[in-house]
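[1] A structural model of the following input is requested.
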Amino acid sequence: MRYQINGYTDMYTVIANERKIGGAIEAAQVRLRTGEIFANAVLTRLEMSGAHFCSIGFVTEEGKRLIVHVDDISMIADARHVNVCELTNECMRAEKCADRLKRLKRLCELNEGSCTPTFQEEALLLAEDIGLDEARGHVDLSFLPQAEKARVVRIA
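    Reported below is the predicted structural model:
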């Protein structure tokens, strides 16, 4: 888990900057005023009208896409920003992983032979978002710096 979401402003920031920071917002539960409850909903849109939030779009575990006015939401429980590979919602994990993997492949294709720090940062972000093992299974990531293993030093 990257961090806990504390309100609509946090949600909006993560969704608006999804490409730069990666991950997704998953709520353990979204309850509507009508009493309907959706577990493991992944928030995909948060729209504003002027300075006010007006609607939220999310995807249920069954893959159903809903757009709900903020006044119709009774509760959003345990919303958190997580890596795509950590999503509990299987439907959205598969969709977002495929999207990120497609972008990673295209990025590597466009930067073949050129290994700039900016390219490495973006590729690493995408690979960590998908899961390094999953990404390495589809794309050659040998250009990424290897994480140094912690050295154990005995003093006494």
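[2] distance of Arg93 relative to Tyr3?
    The gap separating Arg93 from Tyr3 is 19 Å, by C-beta to C-beta, to the nearest Å. Any C-beta I mention is one placed from the backbone N, CA and C, and that applies to glycine too.
[3] neighbour count winner among these two?
    Each of Arg93 and Tyr3 has its neighbours counted (other C-beta atoms under 10 Å); Arg93 has more, 22 against 11.
[4] the more buried one contacts Asn83, correct?
    No. Under the criterion of C-beta atoms under 8 Å, Arg93 is not in contact with Asn83, lying 9.9 Å apart.
[5] and for Ala98, the neighbour number?
    Ala98 is flanked by 12 other residues according to other C-beta under 10 Å.
[6] so Leu144, which state does it fall into?
    coil (DSSP: H, G, I helix; E, B strand; the rest coil).
[7] what sits against the residue minimising distance to the centre of the chain?
    Centroid-nearest residue in the chain: Gly23, 1.9 Å away (criterion: C-alpha atoms, centre = their mean). For Gly23, the contact set (C-beta atoms under 8 Å, 6 or more residues apart in numbering) comprises Arg2, Val14, His81, Val82, Asn83, Val84, Asp129.
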